[in-house]
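Student: can't give you the sequence, but here's the structure:
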């Protein structure tokens, strides 16, 4: 019936259709004999279609871009558009190849990047716009420097525009991140600078539900009289304390004029509540007492981890099967990481209060911060693309779960990010990033190597602390930054050149081999991922020592170190620690917050 009813079928964003939508569309568009005309004049039915010859035309029009299929994680099938010719033989394919948005350099870089995908229909994008500025690639020491550099560059763009008598509205600037946890660093930095910003496609970092929950736990520990915080988490995760139990707490608190936490402690010691909620409440209050006693003896970051684990909150999200559960866990880890910038829990909570009190006016111009997935369909004069590192972009989870298909979707996501820019596209990557509370040396994304030299400019990072030559998945063109016209000649870069080709490569799964953060062990090979420890067995061929500026030079020079075992030292990034072993000029240091690492003695100072 429906095959006869619809003369024309139009589909937009065809690359984002899922299997069910595809099958439904196929059924609708199949040719079939027309239904017999209905003679009952009282029946309100549409007129029958023309003879079946008309239906044989299969009037279906699908609009889509296979290079922008980025929603595979929620069921979209890029193969639907790739096999359109096969599903509808004789269909006319019209390639819309003129781009009206981006300048020549940006478009050429994006086109060259996406050409590395095998699963695509293929097209040659062109523009009649000027070449404009080249795509800029900048390496920084860590995510903090990355956020600082981007903030300073935004302010510089504003100053340059004013000097020319022009205006560069903040609304025309966007920061596109691969994962939502990356936003926290930028939000904190922009608040320090007084730079207005807005988060598109979701709440700001500290306004996210999982962050508010975690902060509520910490507030109740530090401020037991905070009723709003206590009420928020009294039954999160579920403890069997329903609305009736919470109402009983409110009634008792109002009657006695005491905070909810005191009311909970009092009621849990009586028989007024039913056994199950009473026991749950008693256990919760005992946990808060235990955590408060630890507040004065443990670092506040470690306390936060203990609270999230012992409360069952982390486990709740680990058991959650929704698509955003993994992102929420990443956000919680980022929250704990952010606490390390403060001396104690009270200082951190005061900072959060100031951040939450900040209110952007709706009409105020502001920098746009969003994920790459949220940016599809949008465009801005200037686009910053931070975090182009292996494991983050392309995201390791996509590689683990979908292999080559996941890699190609990540590359399409990179293509989408680049083509959001009208005039300027600026890519950033960090040499070090804190993951799971530990500093980890990262390597530049393979996508950087896939950018065309003629359309890319490598900008020397402030302080000469970039990560060129660190690629763990094979020889990188960034080992030869001179090919980009860069004057990057710092000692660290030169040492990276010396070890070029010494390690790296793809694993059998097509995934980059994991390169530890400066830790070298001649008895073990590097594992493919942080979690994959080499099994004990026959002796393995040792790797060529990995040279990383500021961390490990694996082979001792034989020079005696001025530091002795037990010495208290300070490292610029890892903080304070104690020397536990000395090998020539290499020190094995047990850092207070970064664990045990081997570093060159010239990079630490005596406390």
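Tutor: Right, received. Where do you want to start? Predicted model, so just to flag it, every value in this text is computed and none were measured.

Student: rest of the way, CA atoms for contacts and neighbours
Tutor: Fine.

Student: got the phi/psi numbers for the residue lying closest to residue 392 once chain neighbours are set aside?
Tutor: Spatially, and ignoring its direct neighbours in sequence, residue 392 is nearest to residue 178 (7.1 Å; CA to CA, 6 or more residues apart in numbering). Torsion angles at residue 178 (phi, psi; degrees, to the nearest 10) stand at phi -80, psi -40.

Student: Do I have it right that residue 178 meets residue 369?
Tutor: No: the pair residue 178 / residue 369 is not scored as a contact, 11.1 Å apart, by CA atoms under 8 Å.

Student: Can you find the helix or strand in the chain with the smallest mean pLDDT?
Tutor: Lowest on mean pLDDT, DSSP states H and E among the helices and strands of the chain sits helix 491-498, with a mean of 42.

Student: what about the residue nearest to residue 392, how many neighbours?
Tutor: 23 (other CA atoms under 10 Å).

Student: do you know how far residue 303 is from residue 597?
Tutor: The spacing between residue 303 and residue 597, counted by CA to CA, to the nearest Å, is 23 Å.

Student: List the contacts of residue 131.
Tutor: For residue 131, the contact set (CA atoms under 8 Å, 6 or more residues apart in numbering) comprises 103, 104, 105.

Student: Pretty sure it sits in a helix.
Tutor: No: applying DSSP: H, G, I helix; E, B strand; the rest coil, one finds residue 131 to be coil, outside a helix.

Student: Run through the stretch 451-600 of the chain and note the low-pLDDT ranges.
Tutor: Applying pLDDT under 70 to the stretch 451-600 of the chain flags residues 460-559.

Student: now with 50?
Tutor: Under the criterion pLDDT under 50, the flagged ranges of the stretch 451-600 of the chain are 462-474, 479-558.

Student: Now do stretch 394-407: distance to the chain's middle.
Tutor: Using CA atoms, centre = their mean, to the nearest Å, the mean C-alpha position of stretch 394-407 is found 14 Å from that of the whole chain.

Student: no wait, stretch 207-214
Tutor: 17 Å.

Student: For that stretch, which outside residues touch it?
Tutor: Contacts of stretch 207-214 (CA under 8 Å, 6+ apart): 205, 206, 232, 233, 236, 308, 328, 331, 332, 335, 356.

Student: That stretch: which residues count as buried?
Tutor: Within stretch 207-214, the residues that count as buried by 16 or more other CA atoms under 10 Å are 210, 211, 212, 213, 214.

Student: and the fourth one, that one's in a helix?
Tutor: Yes: secondary structure of residue 213, determined by three-state DSSP: located in a helix.

Student: contacting residues around the residue nearest to residue 392?
Tutor: Taking CA under 8 Å, 6+ apart, one finds 371, 372, 373, 387, 392, 393, 395 in contact with residue 178.

Student: Most neighbours of all those, which one?
Tutor: residue 387 (27 neighbours).

Student: Could you point out which residue ranges in the chain have low pLDDT?
Tutor: Where the chain drops to pLDDT under 50, the residues are 33-55, 363, 462-474, 479-558.

Student: Show me how it divides into domains.
Tutor: 2-87, 135-196+368-498, 207-352, 568-606 (automatic domain parsing).

Student: Distance to residue 116 added to these, as JSON lines?
Tutor: Shown next, in JSON lines, are these (distance: least, CA to CA, whole Å):
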{"stretch": "domain 2-87", "distance to residue 116": "11"}
{"stretch": "domain 135-196+368-498", "distance to residue 116": "8"}
{"stretch": "domain 207-352", "distance to residue 116": "28"}
{"stretch": "domain 568-606", "distance to residue 116": "37"}
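
Student: These: which one's closest to residue 120?
Tutor: domain 2-87 (6.3 Å; CA to CA).

Student: how about the domains of the chain, which one is nearest residue 99?
Tutor: Closest to residue 99 of the domains of the chain, according to CA to CA: domain 135-196+368-498, at 9.5 Å.

Student: Just give me how far the closest one sits from the chain centre.
Tutor: 12 Å.

Student: One more: stretch 236-249?
Tutor: 35 Å.

Student: what does stretch 110-124 give?
Tutor: Taking mean C-alpha positions (CA atoms, centre = their mean), stretch 110-124 and its chain are 24 Å apart.

Student: How about residues contacting it?
Tutor: With CA under 8 Å, 6+ apart, stretch 110-124 has contacts from 66-67, 82, 95, 97, 125, 408, 411-412, 415, 418-419, 447, 450-452.

Student: which among those residues end up buried?
Tutor: Of the contacts of stretch 110-124, these count as buried by 16+ other CA under 10 Å: 66-67, 82, 408, 411-412, 415, 418-419, 447, 450-452.

Student: re earlier: which one of the domains of the chain lies closest to residue 562?
Tutor: domain 568-606 (8.1 Å).

Student: Next, the buried residues of that closest one.
Tutor: 568-571, 574, 576-591, 593-594, 596-601, 604.

Student: gap between the two ends of it?
Tutor: OK, domain 568-606 end separation, CA to CA: 6 Å.

Student: chain center to it: distance?
Tutor: With CA atoms, centre = their mean as the basis, the mean position of domain 568-606 lies at 30 Å from the chain mean.

Student: Equivalent analysis for stretch 17-24, please.
Tutor: 29 Å.

Student: Repeat that for stretch 75-93.
Tutor: Mean-position distance between stretch 75-93 and its chain equals 31 Å (CA atoms, centre = their mean).

Student: Please measure how far the first residue of that stretch sits from its last one.
Tutor: 25 Å.

Student: Likewise for stretch 120-140?
Tutor: Start-to-end, stretch 120-140 (CA to CA) is 33 Å.

Student: in it, what's buried?
Tutor: Neighbour count says stretch 120-140 has 120, 122, 126-127, 131, 133-140 buried, by 16+ other CA under 10 Å.

Student: ok, which stretches of the stretch 101-250 of the chain are strands?
Tutor: 135-140, 173-177, 197-199 (DSSP state E, counting those that start in this stretch).

Student: Residue 98 versus the residue at minimal distance from the centre of the chain, what's the distance?
Tutor: Nearest to the geometric centre of the chain sits residue 179, at 1.9 Å (CA atoms, centre = their mean). Counting by CA to CA, the gap from residue 179 to residue 98 is 31 Å.

Student: Repeat that for residue 124.
Tutor: Distance, residue 124 to residue 98, by CA to CA: 8 Å.

Student: for residue 354, same thing?
Tutor: 48 Å.

Student: Likewise for residue 193?
Tutor: For residue 193 relative to residue 98 (CA to CA), the value is 40 Å.

Student: And residue 82, by the same measure?
Tutor: With CA to CA as the criterion, residue 82 and residue 98 are 20 Å apart.

Student: can you check residue 254 too?
Tutor: 68 Å.

Student: which residues touch residue 434?
Tutor: Applying CA under 8 Å, 6+ apart, the residues contacting residue 434 are 337, 440.

Student: still on that earlier bit, please tabulate the strands of the stretch 101-250 of the chain in JSON lines, including the columns distance to residue 459.
Tutor: Listed next are the strands of the stretch 101-250 of the chain as JSON lines, based on distance: least, CA to CA, whole Å:
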{"stretch": "strand 135-140", "distance to residue 459": "5"}
{"stretch": "strand 173-177", "distance to residue 459": "18"}
{"stretch": "strand 197-199", "distance to residue 459": "25"}
